[in-house]
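# just to be clear, the model below is a prediction. Sequence and coordinates:
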Amino acid sequence: MKNQISLAQGREYLAIPGPSVMPDAVLQAMHRPSPNIYDGELIDLVPTLARDLKRVAGTNHNVAIYIANGHGTWEAALSNVIAPGETVLAPASGIFTYGWAEMAEGIGAKVELLDFGMSSSWDMDRIADAIRADAAHQIKAVLAVHVDTSSSIRNDIPALRALLDDMNHPALLMADCIASLGCDRFEMDAWGVDVMVTACQKGLMTPAGVGFVFFNDKAQAKRAEMPRVSQYWDWQPRVKPKVFYQYFNGTAPTHHLYGLRAALDMIHAEGIENVWARHEHLAKAIWAACEIWAEGGALEMNVTNGAHRSHAVTALRLTDGRGTPLRQFSERQLGLTLGIGLGMEDHAGCFRLGHMGHMNGQMVMAMLGGVETAMAALNIPRGSGALEAAAATLAIKP
Ligand SMILES: *Cc1c(COP(=O)(O)O)cnc(C)c1O
């Protein structure tokens, strides 16, 4: 059989919304023998990570580090502050809220889910009604997904804080910033977030496997009232270890920590404000291309209001349902892997562009060029000049 000719040879590009592209500096930092886990540089390294993670999150409070993915941090956070039988409120604009809510049910909580569908950000009036109806303060926490990666909706966390404050409701505000930290502006203390969870494989540019739970004094006070907290998830020893192994309740994830150190160095060298501005500018170039493509009538952006869009992921839909062939073409023929549609009714028609973390202007143009090429190959109707529109956006100095 003759080999099929493919243009996929060359450096492949994983443009899905996590895991994100890993910088060479991160990979190189991990390429070393295992260190001593009882003495030496590893022991000195961990407090620097905690310090710099808190800078990225905008908090002076605490961070517990877990060997876990994002799902693990959901359970870790809940396990410290929600007892069986207690209620949490979960306003959903994508499937990641359902996932966190299920995790809450799994530890015995009652969940009040407010579903805003797959294309709308939170409806503050409906959240206000739910809070107002809870005069007895049964709701102990609000599970707030900042950016829902399935829909690419970005929710307004400060508005939710204001709402809880206005109504004098004591529920903890718990934020999922797994897709947003290091991409979209987030300021834990300034925004009044009590607990925040994130993981290392998205904006933090490190291979999946380490997750973080940030918490303030109000959350710690709730932790102190808990009848019991499972020992592995307990955040207390992890933030105030008496011996080094308690940071991780066992062997440290040695190589992840080296990789994370390199990633945090990159973020701080750039400056977090610049990191946010870069993501915003790149996202605007992507949206400019998408809006032109949409003129052909076959492609839609899932989130119509630009103010509610994530700067790290963009969910798109082909109305003729050909999302899967589009992704297959771009991966097999071009070496560009796009994100699958997640949680959508017409998921086969949907796909997502990941643009989080280690992304620059030429990568955005390559990703958009790949999508343009795949649409050409599939004869998908589209407006012309999408790449020019993206280029024009990037050509303006921020
Ligand atoms: C990726 C993601 C998760 C899940 O993280 P895993 O590491 O896959 O467990 C949860 N919430 C959001 C918003 C995410 O983007």
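That came through fine. Numbers count the residues shown, from 1 in each chain.
# quick one, what contacts the residue of the stretch 1-150 of the chain found nearest the ligand?
For the stretch 1-150 of the chain, the residue closest to the ligand is Gly70, as judged by CB to the nearest ligand atom, at 2.3 Å. In this view, the C-beta of every residue, glycine as well, is placed from N, C-alpha and C. Residues in contact with Gly70, defined by CB atoms under 8 Å, 6 or more residues apart in numbering, are Asp176, Ile178, Val197, Thr198, Ala199, Gly211.
# ok, what's across the strand from the residue nearest to Phe215 when sequence neighbours are not counted?
The shortest distance from Phe215 to any non-neighbouring residue, by CB to CB, 6 or more residues apart in numbering, is to Val195 (4.9 Å). Here Val195 sits in beta bridges with Met174, Phe215, going by DSSP bridges.
# turn the contacts of Gly70 into CSV, including secondary structure and pLDDT.
CSV is the format used below for the contacts of Gly70 (DSSP: H, G, I helix; E, B strand; the rest coil; pLDDT from 0 to 100):
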residue, secondary structure, pLDDT
Asp176, strand, 98
Ile178, coil, 98
Val197, strand, 99
Thr198, strand, 98
Ala199, strand, 98
Gly211, strand, 98
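# cross-check the residues you listed against the ligand and keep the overlap.
Asp176, Ile178, Ala199 (CB under 6 Å from any ligand atom).
# wait, the first one sits on Tyr98?
So that's Asp176. No: if you go by CB atoms under 8 Å, Asp176 and Tyr98 don't touch, sitting 11.9 Å apart.
# number of nearby residues for Gln246?
Residues near Gln246, counting by other CB atoms under 10 Å, number 15.
# return the residues in contact with it.
Pro237, Arg238.
# re earlier: need the contacts of Gly70 in JSON lines (columns: neighbour count).
Shown next, in JSON lines, are the contacts of Gly70 (neighbours: other CB atoms under 10 Å):
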{"residue": "Asp176", "neighbour count": "28"}
{"residue": "Ile178", "neighbour count": "31"}
{"residue": "Val197", "neighbour count": "29"}
{"residue": "Thr198", "neighbour count": "29"}
{"residue": "Ala199", "neighbour count": "28"}
{"residue": "Gly211", "neighbour count": "25"}
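# and the stretch 51-200 of the chain, which of its residues are near the ligand?
Going by CB under 6 Å from any ligand atom, the residues of the stretch 51-200 of the chain near the ligand are Asn69, Gly70, His71, Phe96, Val145, Val147, Asp148, Thr149, Asp176, Ile178, Ala179, Ala199.
# those in strands, which ones?
If you go by DSSP state E, those have Val145, Val147, Asp148, Asp176, Ala199 in strands.
# find the pair from those residues with maximum spatial separation.
Using CB to CB, these span at most 14.8 Å, a distance reached by Asp148 and Ala199.
# pick the one among the residues of the stretch 51-200 of the chain next to the ligand closest to Phe351.
Distance ranking of these against Phe351, using CB to CB, places Thr149 first at 13.1 Å.
# how many residues are close by that closest one?
Number of residues near Thr149 (other CB under 10 Å) recorded here: 29.
# per-residue pLDDT, it?
With respect to pLDDT, Thr149 scores 98.
# got a list of what the nearest residue to it once chain neighbours are set aside touches?
Take Thr149 and drop its neighbours on the chain: the residue closest to it by CB to CB, 6+ apart is Ala179, 4.3 Å away. By CB under 8 Å, 6+ apart, the contact list for Ala179 reads 17-18, 96, 146-149, 202-203, 310, 312-313, 356.
# now Val213. Its backbone dihedrals?
Taking degrees, to the nearest 10, you get phi -120, psi 120 for the backbone angles of Val213.
# now Ser79
According to degrees, to the nearest 10, Ser79 has phi -60, psi -30.
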